[in-house]
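Novice: return a 3D structure for these sequence lines:
(2 chains)
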Amino acid sequence: MRGRALLAVAVALVVLAVALTRLSANQYYYFAAYVIFQYVVLATAWNILGGYTGYVNFGSAGFFALGAYTAAILIKAFPVPFPVLLLAAGTVGGLLGLSLGYLTLRLRGVFFSIATLALAVVLQTLIVNWEYAGGSRGIYTMRPATVLFFDNYVEFLFVVMLILALGALATARWIEHSRLGRGLAAIRDNEEAAECMGVPTLRLKLVAATVSGALMGIAGAPFPYYVTYMEPASTFNLDYAVNSLAMPMIGGATTWVGPLLGAVLLGTAQQIATVTISSALNLLIVGVVLVAFVILAPDGIIGLVRRRRGGRHA
Amino acid sequence: MRAWGVVAALIGALALVAVWAPRAVAEGPIKVGFGMALTGGVAGNGKAALLAIQIWAEEVNKKGGLLGRKVELVYYDDQSKAATVPGIYTKLLDVDKVDLVVSGYGTNLIAPALPIVIERKLTFIGLFGLAVNEQFHYPHYFGIMPAGPSPKTDWSAGFFEIAGRQNPKPRTVALVGADAEYGQNALAGARENAKRHGLQVVYDKAYPPATVDFTPIVRAIQATNPDIVFVASYPPDSAGMLRAAHEVGLKPKLFGGGMVGLQYASLQTALGLMLEGVVNYDFWVPEPTLKFPGIEDFLKKYQERAKAAGVDPLGHYVPPWAYAYLQVLGQAVEATKSLDQQKIGEYIRTHEHDTLVGKIRFAPNGEWVKSRVLMVQFQNIENNSLKQFGEPGHRVVIYPDEWKSGTLIYPYAKAKR
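Specialist: Numbering: from 1, shown residues only, chains lettered A, B, ... in the order given. Next up is the predicted model:
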């Protein structure tokens, strides 16, 4: 029943979003919401490997940028329809997650994290030296002048990102409540014990890494159309890695609601900070809030709420 | 049932947003909106530009504003990040309802605003973007930077022209630059110019933007023994490159060309004597040939406030242009007596503009109809004092002939002490 209610909410949200684009011509809110939804996808994706399984990925920016560049290169090469971009970016991200998993998931703790950080650097170097992808000069992507059903492209991107965010949340929720999720939780709590109990740890970790990578790649796919000009330094920006890690930590890393809460709260705070109190403060907000949460509420907002209720712990 | 509660709440929230949405105000100040890098990598230039823009607004308001209305600036920090730009410009246009927009500083931060500007058919003047409109071909985009109708090659044309005039003519060239947007564009142009002048390229490499030690690069250049060396570097690298060249004892006949940062007072005073003899691009220097009406007054005002604002103390590089791009826009508004973007754009495209950086006429692609990239040589540098760089005779204009204010000391080694 709960699942069906959530589905109703999701459908209602999409309908509302589309209705909103009919009502309001104020594009700023679409741009701002787009960024927040993008972070919902990234945070949820990070959480599948980082929160459920306990493997901290510092390379989110690499996955995100790879998705974005996959899309940009495809757009440059052929006139591909939008869904193909999503599919391609997801596939490339997923494959990268899988291969990264094969190479590094035997490493534990901080060693795995270092490997993921290195991955982002390697990918950035690759793009910098790839002339067709714009190299260090950057690549321009022109938005199509018209788009079916919507008045302008921004509204379309906004609705697409909302659907992607909902899709990512549904995936995370499904994983959490499946055999897979329980296996991942067992790995997080004690990998050796899980292995002894017959949990196929490597295989589960590979699935988690693949799904996580694919979602991050998909999050990057609409980015070329959003920003229209990408160059490696800003596309591989550390912000994406920091935010996609901080958001689940702040929201609560053990459930699908955590990254959603974290992304909405932190993403909104950042958007507001950008246009009000000008914003060296921007990453500082993330840093301070993150430190505060790690010390005071290691299980995030969800953990706090649960503790209040005096009940079960994550 | 609960789900429908949520739906109802959402619709309620939507209604609230609709009620709160700000409405356009018909009269009141004319709002000029822009994003500017006030933090991050290019904040030094962004903050200096902001000060210049504020001085422009104050002066205009003192004279009664534009079309009899006061001018109000609405700006946000783009953090030197391209991804913030689309959000900022839609906020400016949709929420703040600005009447006019201009760009932030630099190619990376101009390009992401263009699709929004084009979609709404606005007039847009860019501050220091290199060949931005090459992709868009938008008729109402204008670049205030005097890079000329073909920016990439015009950028270094003067450097190679100077080399070509020497006797005996240099035969080999080393090209080196940062592996980033500016470095690569400048190098691409330099290659064409080298070919045009029949120079043999003996070294052609880009270094990663994070490079800190330039000694190996300079040694590699020295090993090829080039007659001239063209460098397209960002500010920290320009200092590193020059220091390394001195350490290694690199003595080509001509050195410099596209080094960003040597125009800043902070780097000039830090490098001091090391600058002697370097030939580098510039857009405005305090030479007698470039004393346009208004520039001295402006710089005086700027320099008085520079310290408090924490920006470049002399302000020769970006600030006059930041003032000028609004001057052009303001003049167009006054001349057309309207805020109609089409009329303003058309006026800017078809008229000559008298600004504090000289007379400007734009080519069909929005760039200056004729390049005014100066090649200046650092001469008579005494020490590290700031004062000398504010005076004529230390950055002598060698090229173009129209603005020439001195003669080249050649070869480089003769000037270098």
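Novice: would you confirm that A:A72 contacts A:I139?
Specialist: Yes. Look at A:A72 against A:I139 with Cβ atoms under 8 Å: they come within range, at 5.2 Å. For the C-beta atoms, the positions are set from N, CA and C on the backbone; glycine is no exception.
Novice: dump the residue contacts of B:H246.
Specialist: Residues near B:H246 by Cβ atoms under 8 Å, 6 or more residues apart in numbering or on different chains: B:M274.
Novice: about what we covered before: more crowded one of A:A72 and A:I139?
Specialist: A:A72 (30 against 24; other Cβ atoms under 10 Å in any protein chain shown).
Novice: run a quick neighbour tally on A:E176.
Specialist: 20.
Novice: correction: A:P222
Specialist: 26.
Novice: need the residues touching each of A:A72 and A:I139.
Specialist: A:133, A:224, A:230.
Novice: excluding covalently adjacent residues, which one is nearest to B:I116?
Specialist: Nearest residue to B:I116, sequence neighbours excluded (Cβ to Cβ, 6 or more residues apart in numbering or on different chains): B:Y89, at 4.9 Å.
Novice: just the shared contacts of A:A72 and A:I139 now: which is nearest chain B?
Specialist: A:M230 (7.4 Å; Cβ to the nearest Cβ).
Novice: who does the closest one bridge with?
Specialist: In this entry, A:M230 is beta-bridged to A:I139, by DSSP bridges.
Novice: what residues are up against it?
Specialist: By Cβ under 8 Å, 6+ apart, the neighbours of A:M230 are A:68-69, A:72, A:134, A:138-139, A:141, A:223-224, B:82.
Novice: need these in CSV (columns: pLDDT and distance to B:G294).
Specialist: Conversion of these to CSV gives the following (pLDDT from 0 to 100; distance: Cβ to Cβ, whole Å):
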residue, pLDDT, distance to B:G294
A:A68, 95, 45
A:Y69, 96, 46
A:A72, 94, 44
A:G134, 84, 40
A:G138, 84, 36
A:I139, 87, 40
A:T141, 85, 40
A:F223, 93, 43
A:P224, 91, 42
B:A82, 84, 33
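Novice: take these and keep only those in strands.
Specialist: The strands, defined by DSSP state E, take in A:I139 from those.
Novice: PyMOL command to pick out the buried ones of the contacts of A:M230?
Specialist: Here is the PyMOL command that picks out the buried ones among those, judged by 16 or more other Cβ atoms under 10 Å in any protein chain shown:
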select buried, (chain A and resi 68+69+72+134+138+139+141+223+224) or (chain B and resi 82)
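Novice: which ones among the contacts of A:M230 lie within helices?
Specialist: In helices, defined here by DSSP state H, the members of the contacts of A:M230 are A:68-69, A:72, A:223-224.
Novice: ok so, going back, hmm, the residue nearest to B:I116 is touching B:A113, no?
Specialist: Yes. In this structure, B:Y89 is within contact of B:A113 by Cβ under 8 Å, at 4.8 Å.
Novice: intersection of neighbour lists for those two?
Specialist: B:35, B:101.
Novice: can you name the residues that contact the closest residue to chain A within the stretch 301-417 of chain B?
Specialist: Using Cβ to the nearest Cβ, B:G310 is the residue of the stretch 301-417 of chain B that sits closest to chain A, at 12.8 Å. B:G310 sits next to B:K47 when contact means Cβ under 8 Å, 6+ apart.
Novice: any weak-confidence spans in the stretch 51-200 of chain B?
Specialist: Across the stretch 51-200 of chain B, nothing is flagged by pLDDT under 70.
Novice: how about the residues of it near chain A?
Specialist: Within the stretch 51-200 of chain B, the positions adjacent to chain A are B:76-77, B:79, B:81-88, B:90-91, B:93-95, B:108, B:111-112, B:114-116, B:119, B:135-136, B:179-181, B:183-185 by Cβ under 8 Å from any Cβ of the partner chain.
Novice: show the buried residues in these.
Specialist: B:76-77, B:79, B:81-88, B:90-91, B:93-95, B:108, B:111-112, B:114-116, B:136, B:179-181, B:183-185.
Novice: in helices, which of those residues fall?
Specialist: B:85-88, B:90, B:108, B:114-116, B:181, B:183-185.
Novice: taking those residues together, which two end up most distant?
Specialist: The largest distance within these, taken as Cβ to Cβ, falls between B:T90 and B:G183 and amounts to 31.2 Å.
Novice: relative to B:L250, which of the contacts of A:M230 is nearest.
Specialist: A:G138 (30.9 Å).
Novice: surely B:Y203 is within a helix?
Specialist: No. According to DSSP: H, G, I helix; E, B strand; the rest coil, the state of B:Y203 is strand, so it is not within a helix.
Novice: I'd say it and B:V176 touch.
Specialist: Yes. Using Cβ under 8 Å, B:Y203 is in contact with B:V176, at 6.8 Å.
Novice: mind listing the shared neighbours of these two?
Specialist: B:I221.
Novice: give me the more crowded residue out of these two.
Specialist: In this view B:Y203 and B:V176 are compared by other Cβ under 10 Å, and B:V176 has more residues nearby, 27 against 19.
Novice: would you quantify the distance from that one to A:L238?
Specialist: Distance, B:V176 to A:L238, using Cβ to Cβ, to the nearest Å: 28 Å.
Novice: what about B:N383, neighbour count?
Specialist: If we define neighbours as other Cβ under 10 Å, then B:N383 has 9 of them.
Novice: and the closest residue to it other than its chain neighbours, what does it touch?
Specialist: The shortest distance from B:N383 to any non-neighbouring residue, by Cβ to Cβ, 6+ apart, is to B:G272 (5.9 Å). Neighbouring residues of B:G272 by Cβ under 8 Å, 6+ apart: B:381, B:383-384.
Novice: could you check which residue of the stretch 101-250 of chain A lies nearest chain B?
Specialist: When scored by Cβ to the nearest Cβ, the stretch 101-250 of chain A has A:Y229 as its residue closest to chain B, at 3.7 Å.
Novice: quick one: that residue and B:A113 touch, right?
Specialist: No. Between A:Y229 and B:A113 no contact is recorded; they are 9.5 Å apart, counting by Cβ under 8 Å.
Novice: so where is the stretch 301-417 of chain B shaky, pLDDT-wise?
Specialist: Looking at the stretch 301-417 of chain B by pLDDT under 70, you get B:416-417.
Novice: which strands and helices sit next to the lowest-mean-pLDDT helix or strand in chain A?
Specialist: When each helix and strand of chain A is scored by mean pLDDT, DSSP states H and E, helix A:281-296 comes last, with a mean of 78. The contact analysis (3 or more Cβ pairs under 8 Å, 6 or more residues apart in numbering or on different chains; DSSP states H and E) places helix A:281-296 against helix A:238-251, helix A:257-275.
Novice: okay, A:Y229 and B:A113: which has more neighbours?
Specialist: B:A113 (29 against 26).
Novice: so what's the more buried one up against?
Specialist: So B:A113 contacts B:35, B:85-86, B:88-89, B:101, B:103-104, B:124 (Cβ under 8 Å, 6+ apart).
Novice: do the same with B:K121
Specialist: B:140, B:341-342.
Novice: of the residues you listed - the most surrounded one?
Specialist: Going by other Cβ under 10 Å, B:H140 tops the contacts of B:K121 with 20 neighbours.
Novice: and it, what does it touch?
Specialist: Shown in contact with B:H140 (Cβ under 8 Å, 6+ apart): B:121-124, B:341-342, B:345-346, B:348-349, B:366.
Novice: how far away is it from A:L105?
Specialist: Distance from B:H140 to A:L105, by Cβ to Cβ: 54 Å.
Novice: and if you look at A:I73?
Specialist: Using Cβ to Cβ, one gets 28 Å for the distance from A:I73 to A:L105.
Novice: likewise for A:D189?
Specialist: 17 Å.
Novice: kindly report the same for B:E58.
Specialist: Taken as Cβ to Cβ, the span from B:E58 to A:L105 is 61 Å.
Novice: give me the pLDDT value at A:A241.
Specialist: Reading off the confidence values, A:A241 has pLDDT 89.
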